[in-house]
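Asker: coords below, sequence missing:
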């Protein structure tokens with residue numbers, strides 16, 4: 001059951017990223033770009049979680065997962081702080 005949740009989380013993050021980036025292409029609002037990039041990195045994080053816990057349970061991808069989630073949150077934080085439009 002946990003495997004399905006990991007996959008659904010990755011698919012949801014990917015859908016959010018696609019929708020946000022499509023909206024950014026139409027409007028060119030920078031905050032949509034930062035949000036889309038954030039969710040893209042969260043998608044990578046969720047895929048790494050699935051690989052780490054399901055496909056390769058003996059391996060340890062916790063550092064890669066931490067780096068991608070930190071990068072995603074940092075991109076969004078940068079966009080929220082420096083986007084003044």
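Answerer: Yes, it's here. Here the structure is a predicted model, which is why all the values come from computation and not from measurement.

Asker: in the helix ranked longest in the chain, what counts as buried?
Answerer: Identified as the longest helix of the chain according to DSSP state H is helix 2-27. With burial defined by 16 or more other CB atoms under 10 Å, the residues of helix 2-27 counted as buried are 6, 9-10, 13-14, 16-17, 20-21, 24. Yep, even glycine has a C-beta here, placed from its N, CA and C like the rest.

Asker: Buried residues, stretch 38-57. List them.
Answerer: 38-52.

Asker: re earlier: which secondary structure elements does the longest helix of the chain sit against?
Answerer: For helix 2-27, the packing partners by 3 or more CB pairs under 8 Å, 6 or more residues apart in numbering; DSSP states H and E come out as helix 30-50.

Asker: could I get the buried residues of helix 2-27 as a markdown table with pLDDT and distance to residue 69?
Answerer: Shown next, in a markdown table, are those (pLDDT from 0 to 100; distance: CB to CB, whole Å):
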| residue | pLDDT | distance to residue 69 |
| --- | --- | --- |
| 6 | 95 | 14 |
| 9 | 97 | 12 |
| 10 | 97 | 13 |
| 13 | 98 | 11 |
| 14 | 98 | 15 |
| 16 | 98 | 15 |
| 17 | 98 | 14 |
| 20 | 98 | 17 |
| 21 | 98 | 19 |
| 24 | 98 | 21 |
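
Asker: nearest to residue 57, of the residues you listed?
Answerer: Nearest to residue 57 among the buried residues of helix 2-27: residue 6, at 12.6 Å, using CB to CB.

Asker: Return the distance of the closest one relative to residue 46.
Answerer: Residue 6 is 7 Å from residue 46, where distance means CB to CB, to the nearest Å.

Asker: Residue ranges in the chain under the pLDDT threshold?
Answerer: Within the chain, the stretches with pLDDT under 70 are 84-85.

Asker: Quick check: chain neighbours aside, which residue is closest to residue 30?
Answerer: residue 83 (4.9 Å; CB to CB, 6 or more residues apart in numbering).
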